[in-house]
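# no sequence on this one, just coordinates:
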């Protein structure tokens, strides 16, 4: 797995490079700016891009959206210390495949990298507390089966794996996901997972 690091803090980037190398993960470049990241991605085409939200010359979220258009094959993992619920939701709606808070350890980051590099999604468990919402007295939008499917999505399982767990057809899983995304007004699966967590549809 080849990883590119994009974060405004030089010391953090340097430390992550060392720690990831020790875990057997190759870093092909690191930068603290949007401009540097665009050039880095075009030259190196890494498997995974680890991107911070606040960069020196702009927003990491805008970079994520640009990258999703120009190089959609690169898996994107947001890595940040920001703990604002609105920002977190926006980050995952941007098209990132995963989200890790910096307060976690290197083992958690490596686990998230393995998942997103393999085509899965990852939502930091700590996000459940941060994406709390006022939902008292509001009826649930999702059916029991849709909530089961999204619980598994939040754990990083693929549609095929969920189908096996629930002993239903993969197409049925995809139908549940599409229906739930429409109900939650989400444009991406990961965004729908975040919205489901925010509204306590899952993670209860």
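Yep, that arrived. Keep in mind that what you see is a predicted model, and the values were worked out from it rather than measured.
# any idea of the pLDDT on the spatially most central residue of the chain?
Geometric centre of the chain, nearest residue: residue 98, 1.5 Å, by CA atoms, centre = their mean. pLDDT, residue 98: 86.
# That one: what's it in contact with?
Taking CB atoms under 8 Å, 6 or more residues apart in numbering, we find residue 98 in contact with 75, 76, 77, 78, 112, 115, 116, 121, 122, 123, 190. Just so you know, the C-beta spots here come from the backbone N, C-alpha and C atoms, and that holds for glycine as well.
# can you count the residues close to residue 167?
6 (other CB atoms under 10 Å).
# brain fart, residue 111
So residue 111, with other CB under 10 Å, has 16 neighbours.
# Identify, by residue count, the longest helix of the chain.
Ranked by residue count, the top helix of the chain under DSSP state H comes out as helix 170-184.
# Any idea which helix or strand in this protein has the lowest mean pLDDT?
One helix or strand of the chain scores below all others by mean pLDDT, DSSP states H and E: helix 127-130, with a mean of 64.
# name the helices or strands packed onto the helix or strand where residue 191 lies?
Assessed by DSSP states H and E, residue 191 sits inside helix 189-198. With contacts taken as 3 or more CB pairs under 8 Å, 6 or more residues apart in numbering; DSSP states H and E, helix 189-198 sits against helix 85-93, strand 122-123, helix 127-130, helix 144-154, helix 170-184.
# Quick check, pLDDT for the closest residue to residue 19 other than its chain neighbours.
Computed as CB to CB, 6 or more residues apart in numbering, the closest residue to residue 19 that is not its neighbour in sequence is residue 106, at 4.8 Å. Here the pLDDT value assigned to residue 106 is 91.
# Likewise for residue 54?
On the pLDDT scale, residue 54 gets 88.
# how much space between it and residue 171?
Residue 54 is 41 Å from residue 171, where distance means CB to CB, to the nearest Å.
# Neighbour count for those two, which is higher?
Set side by side, residue 54 and residue 171 show more neighbours around residue 54, with 15 against 10, by other CB under 10 Å.
# From what I see, that one and residue 60 are in contact.
Yes: here residue 54 lies in contact with residue 60, judged by CB atoms under 8 Å, at a distance of 6.6 Å.
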